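Trainee: here is my input, please return the structure:
(chains A and B)
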Number of protein chains: 2
Amino acid sequence: MAYTKEFIPKKSDNISDWYTAVVMQARLADYGPSRGTMIIRPYGYAIWELIQKALDEKIKAKGVQNAYFPLFIPESFLKREKAHVEGFSPELAVVTIGGGKKLEENLIVRPTSETIMYDAYSRWISSWRDLPLAINQWNNVVRWEMRTYLFLRTTEFLWQEGHTAHATHEEAWEMVVWAINAYEEVYRDYFAMAGYKGIKSDSERFAGAGCTVTFESLMPDGKALQSCTSHDLGQNFAKVFDIKFQDKDSSVKYVWQTSWGFSTRSIGGLVLAHGDDNGLRLPPRLAPYQVVIIPVGAIESVVNECKAISEMLASSGIRVHTDFADGETLVFKINKWELRGVPLRLEVGEREVLHKTFTLTCRDTSQKISVPFTSLAKAVTAELADMQARMLKESEAFLVKNTRVVDSFNKFKEIMAGSRGFIKASWCENPVCEAKIKEETKATTRCRLLDEDEKAGKCVHCGKESRYQWVFGQSY
Amino acid sequence: MAYTKEFIPKKSDNISDWYTAVVMQARLADYGPSRGTMIIRPYGYAIWELIQKALDEKIKAKGVQNAYFPLFIPESFLKREKAHVEGFSPELAVVTIGGGKKLEENLIVRPTSETIMYDAYSRWISSWRDLPLAINQWNNVVRWEMRTYLFLRTTEFLWQEGHTAHATHEEAWEMVVWAINAYEEVYRDYFAMAGYKGIKSDSERFAGAGCTVTFESLMPDGKALQSCTSHDLGQNFAKVFDIKFQDKDSSVKYVWQTSWGFSTRSIGGLVLAHGDDNGLRLPPRLAPYQVVIIPVGAIESVVNECKAISEMLASSGIRVHTDFADGETLVFKINKWELRGVPLRLEVGEREVLHKTFTLTCRDTSQKISVPFTSLAKAVTAELADMQARMLKESEAFLVKNTRVVDSFNKFKEIMAGSRGFIKASWCENPVCEAKIKEETKATTRCRLLDEDEKAGKCVHCGKESRYQWVFGQSY
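Mentor: Down below sits the predicted model:
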């Protein structure tokens, strides 16, 4: 059943069914046997590996070191930070039996690792010389979900979680901003996705954080996707886990902490943002195969030419796949690789071999480009870079077009009942007002832009004095 | 308390205490809060990343693709293969509560992923065109342990598990052998460790396998360490998970399967095998830092020279670290990096700067090599390669020296009561005999060498006819 476009609804008709069909049929993922779980299939996992590589390089260059902490968190640890346990309690998976016996203390399958890491931090940090302590882990976390939405909402997901401890709040805040900037760069340079970077409202921030910074992107149905977050934890955890250091002046202080995470959820955003009625469209830098070569006919000269082109492209650092699969027609193969979103397609038949000239078909625009053999590597490299840039521009234009500055609540409601998108509006920062806006429009505060100054105004809902404009949207 | 050799017992006095002290003080790992768990600290995790890179390249080159399957396995899945569930039942961690509610069916935290993967395989495989299906995952698994022995015996560990399905048994067996050969190469070329590659006896094989191939290395205390395994699963799982394919001739057949794994346990073997009374000794190819530069004094010319050398070495692809840490004496730093097993040490003081000549100290032999600035990169590269080769030779010599061919059971008992090591002896393959040998000598069958032909003889214990010589040893 996979690889057949006929089972895919039009994206504009039903984006949710379209999404699931594309993810399944492009073989990015499949459902797991128990509630909320998913299998990340090789094609989907290859995208995750490319994301990991991009992000891991940035993390290491910043001097953050990778490590690994246990999956199981003693229940008592989680309970130490009040807001943290309240936020996560409804989502926990609990191990009550181990080695055939009922456990004396239940173990929580980590929903995030603040508590188990900071218990260790309290033992490892004693002097200013131990700071900053900056550790990242790539792992799996579990947050119970009743309904699976592949990649976007799953009981288990993969991510990285960075956790740092600093001598001053200033230094911690610098790290919070570094992380969200690194994430934004990965979204921009790899995902070809634009979005807004900003501070969450009090009601939307991470359970246990003093401040959460988010990157919010906009999906084609006008809904917002929280795409990653970076938290200023202040001294909340330091105080409950007793993480203190002796400073240069001999005084003993609590550390200042941050945590920040980027997950496989991002792959869901990638599919939604760029896909079309023919399936996936992968930006070249996250495409497991950047070029697919399809032989037309199985005669020797064609096979040899395919191999020669493949080697040439591979030696230029291009990720290339030649589809020699038996028993599939040319049309089937073309559809398959369109569905799987490969940026460039190159069909090789007798005519092409004879003329030593080949046609590249671009997945994003369907444009065809004719290229002589000797220029292929250069042309492919250039076209991949162009496509990456084109897709980002498309995303940026979509974001701009669908962000509206609004000062009337009627207009606000009208937009949210129609095409949705992001709304920028003044808000008084009163959570009661925020709750009412959500009730009436389904829109929540997404963030207040990180790089934007104060701008006095009147709250779009209650009309009271407001200090900032906020970005609103309906959340995925 | 870390980095101080005074707390490390002599390796020869008490290898177990020595081991734990070295692992803790070199900051490879720490204890986790709940029973049997450990934290892999950045220095230990960096070793794991080097191992992963080496192995992942081989796995990908073989055409095996990475993917990710859920952590939670429905209890009913595990029960389908009888030997499998019997083998793993005593070691399971069980999730009984999810999202605040008691679950209808308990979920097992994966101890290994055969069952959950093969349930998916049965959906993904229908034709010979779908074969071979070859998937690997890098993940965490849980097998309950009462007592932690850092890296070597932990409730949770990290590993890769490869799982393949083939049309014929011949092809599956080729994969089983490929995997154990790849593992042996990684041990030889990266760990600088020799060992024996062979087939496990019926009583020692993996729960659910038809045949298990193992790589067994020898620790300094004469005990054997099962260092990784590769399993020929036959059609055992295919039959219970109903994994069938239509062959070219239209007949419907069960697939033949393999699974193979390599874990963080290997890091324990690495520490035991190569360490000495001064701490770790890391083979250069698995050393997070291959060279440590220690400035002597903080004057500008010394600092600049350290930076220049560091840049030069790094640009030659050498992993280098310069220890500018404040408030530590030269002796402290030397001890620290010896304890952490860095292959080459380079002290830079005024005299060295003046003469533009530097002394490399080799961690394995304590040999000192004087090198002019301009030859440093070349000399370091060559010395790292030499050291890697030296350490492997040492390991090979130790293995040969401590493997004894024995045909008398008295001699067998005497050796196992004394210096231990590996014993090669004829064995009748009767499990009763095997159990008695274990009872009387604590030695178990480790394996029958994969590349060794039949050799008729008399069982070392019962004197009955035997077909092969087997390797015996006391297990870790």
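
Trainee: downstream of the least confident helix or strand in chain A by mean pLDDT, the next helix or strand is which one?
Mentor: When each helix and strand of chain A is scored by mean pLDDT, DSSP states H and E, helix A:82-88 comes last, with a mean of 88. The helix or strand immediately downstream of helix A:82-88 is strand A:93-98, counting by DSSP states H and E.

Trainee: not counting its own residues, what contacts the least confident helix or strand of chain A?
Mentor: Helix A:82-88 is contacted from outside by A:78, A:79, A:111, A:112, A:114, A:115, A:143, A:206, A:207, A:208, A:236, A:237, using CB atoms under 8 Å, 6 or more residues apart in numbering or on different chains. Using the backbone N, CA and C atoms, a C-beta is placed for each residue, glycine as well.

Trainee: among those, which ones are buried?
Mentor: A:78, A:111, A:112, A:114, A:115, A:143, A:206, A:207, A:208, A:236, A:237 (16 or more other CB atoms under 10 Å in any protein chain shown).

Trainee: need the residues you listed in JSON lines with distance to residue A:291 and secondary structure, can you?
Mentor: As requested, the buried ones among the contacts of helix A:82-88 are arranged in JSON lines below (distance: CB to CB, whole Å; DSSP: H, G, I helix; E, B strand; the rest coil):
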{"residue": "A:78", "distance to residue A:291": "48", "secondary structure": "helix"}
{"residue": "A:111", "distance to residue A:291": "40", "secondary structure": "coil"}
{"residue": "A:112", "distance to residue A:291": "39", "secondary structure": "coil"}
{"residue": "A:114", "distance to residue A:291": "43", "secondary structure": "helix"}
{"residue": "A:115", "distance to residue A:291": "46", "secondary structure": "helix"}
{"residue": "A:143", "distance to residue A:291": "38", "secondary structure": "coil"}
{"residue": "A:206", "distance to residue A:291": "41", "secondary structure": "coil"}
{"residue": "A:207", "distance to residue A:291": "45", "secondary structure": "coil"}
{"residue": "A:208", "distance to residue A:291": "46", "secondary structure": "coil"}
{"residue": "A:236", "distance to residue A:291": "50", "secondary structure": "helix"}
{"residue": "A:237", "distance to residue A:291": "48", "secondary structure": "helix"}
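
Trainee: from chain B, how far off is the closest residue to residue A:299 other than its chain neighbours?
Mentor: Spatial nearest neighbour of residue A:299, chain neighbours left out: residue A:350 (6.9 Å); criterion: CB to CB, 6 or more residues apart in numbering or on different chains. As defined by CB to the nearest CB, to the nearest Å, residue A:350 lies at a distance of 25 Å from chain B.

Trainee: return the distance of residue A:350 relative to residue B:153.
Mentor: 62 Å (CB to CB, to the nearest Å).

Trainee: more neighbours: which of these two?
Mentor: The residue with more neighbours, out of residue A:350 and residue B:153, is residue B:153; 17 against 13, by other CB atoms under 10 Å in any protein chain shown.

Trainee: ok, the nearest residue to the more buried one once chain neighbours are set aside - contacts?
Mentor: Among residues not flanking residue B:153 along the chain, residue B:145 sits closest, at 5.4 Å (CB to CB, 6+ apart). Taking CB under 8 Å, 6+ apart, we find residue B:145 in contact with A:99, B:35, B:36, B:91, B:153, B:154, B:155.

Trainee: quick one, which of these are buried?
Mentor: A:99, B:35, B:36, B:153, B:154, B:155.

Trainee: spit out the contact partners of the second one.
Mentor: Counting by CB under 8 Å, 6+ apart, residue B:35 touches A:98, B:145, B:146, B:148, B:155.

Trainee: before we move on, the earlier item: looking at the contacts of residue B:145, which gets the smallest pLDDT?
Mentor: Within these, residue B:35 has the lowest pLDDT, namely 85.

Trainee: roughly how far apart are that residue and residue B:21?
Mentor: In this structure, residue B:35 and residue B:21 are 21 Å apart, going by CB to CB.

Trainee: with residue A:421 instead?
Mentor: For residue A:421 relative to residue B:21 (CB to CB), the value is 61 Å.

Trainee: domains in chain A, by residue range?
Mentor: A:30-274, A:284-398, A:403-474 (automatic domain parsing).

Trainee: next secondary structure element downstream of the lengthiest helix in chain A?
Mentor: Longest helix in chain A, counting residues (DSSP state H): helix A:376-401. Later in the chain than helix A:376-401, the nearest helix or strand by DSSP H and E is strand A:403-405.

Trainee: so what strands line up beside that next one?
Mentor: If you go by DSSP bridges, strand A:403-405 pairs up with strand A:422-427 (parallel).

Trainee: report the angle between the strand it pairs with and helix A:376-401.
Mentor: Angle of strand A:422-427 versus helix A:376-401, following axes from the mean of the first three to the mean of the last three CA atoms, to 10 degrees, is 40 degrees.

Trainee: buried set for whichever helix or strand comes after strand A:422-427?
Mentor: Under the assignment DSSP H and E, the closest C-terminal helix or strand after strand A:422-427 is helix A:431-441. By 16+ other CB under 10 Å, the buried positions in helix A:431-441 come out as A:433, A:434, A:437, A:438, A:441.

Trainee: for the helix or strand following helix A:431-441, packing partners?
Mentor: Sequence order places strand A:443-449 as the next helix or strand after helix A:431-441, per DSSP H and E. Strand A:443-449 sits against strand A:196-199, strand A:211-218, strand A:422-427, helix A:431-441, strand A:468-474, with contacts defined as 3 or more CB pairs under 8 Å, 6 or more residues apart in numbering or on different chains; DSSP states H and E.

Trainee: can you lay out the ones you listed as a markdown table showing mean pLDDT?
Mentor: Formatted as a markdown table, the helices and strands packed on strand A:443-449 follow (pLDDT from 0 to 100):
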| stretch | mean pLDDT |
| --- | --- |
| strand A:196-199 | 97 |
| strand A:211-218 | 97 |
| strand A:422-427 | 98 |
| helix A:431-441 | 97 |
| strand A:468-474 | 98 |
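
Trainee: nearest to residue A:6, of these?
Mentor: Comparing the helices and strands packed on strand A:443-449 against residue A:6 with CB to CB, the closest turns out to be strand A:211-218 (29.5 Å).

Trainee: list the buried ones in that closest one?
Mentor: A:211, A:212, A:213, A:214, A:215, A:216, A:217, A:218.

Trainee: could you list which of the residues you listed also contact chain B?
Mentor: Among the buried residues of strand A:211-218, proximity to chain B is found for none (CB under 8 Å from any CB of the partner chain).

Trainee: can you put the buried ones among the contacts of helix A:82-88 in JSON lines and add pLDDT and distance to residue B:87?
Mentor: Converted to JSON lines, the buried ones among the contacts of helix A:82-88 look like this (pLDDT from 0 to 100; distance: CB to CB, whole Å):
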{"residue": "A:78", "pLDDT": "91", "distance to residue B:87": "33"}
{"residue": "A:111", "pLDDT": "97", "distance to residue B:87": "31"}
{"residue": "A:112", "pLDDT": "96", "distance to residue B:87": "33"}
{"residue": "A:114", "pLDDT": "96", "distance to residue B:87": "36"}
{"residue": "A:115", "pLDDT": "96", "distance to residue B:87": "33"}
{"residue": "A:143", "pLDDT": "96", "distance to residue B:87": "31"}
{"residue": "A:206", "pLDDT": "89", "distance to residue B:87": "41"}
{"residue": "A:207", "pLDDT": "88", "distance to residue B:87": "40"}
{"residue": "A:208", "pLDDT": "89", "distance to residue B:87": "41"}
{"residue": "A:236", "pLDDT": "95", "distance to residue B:87": "45"}
{"residue": "A:237", "pLDDT": "96", "distance to residue B:87": "41"}
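
Trainee: just checking, residue A:17 touches residue A:9?
Mentor: Yes - assessed by CB atoms under 8 Å, residue A:17 is found in contact with residue A:9 at 4.8 Å.

Trainee: surely residue A:178 and residue A:62 touch.
Mentor: Yes - look at residue A:178 against residue A:62 with CB under 8 Å: they come within range, at 6.4 Å.

Trainee: ok, these two, which is more surrounded?
Mentor: A count of neighbours by other CB under 10 Å puts residue A:178 above the other of residue A:178 and residue A:62, at 19 against 15.
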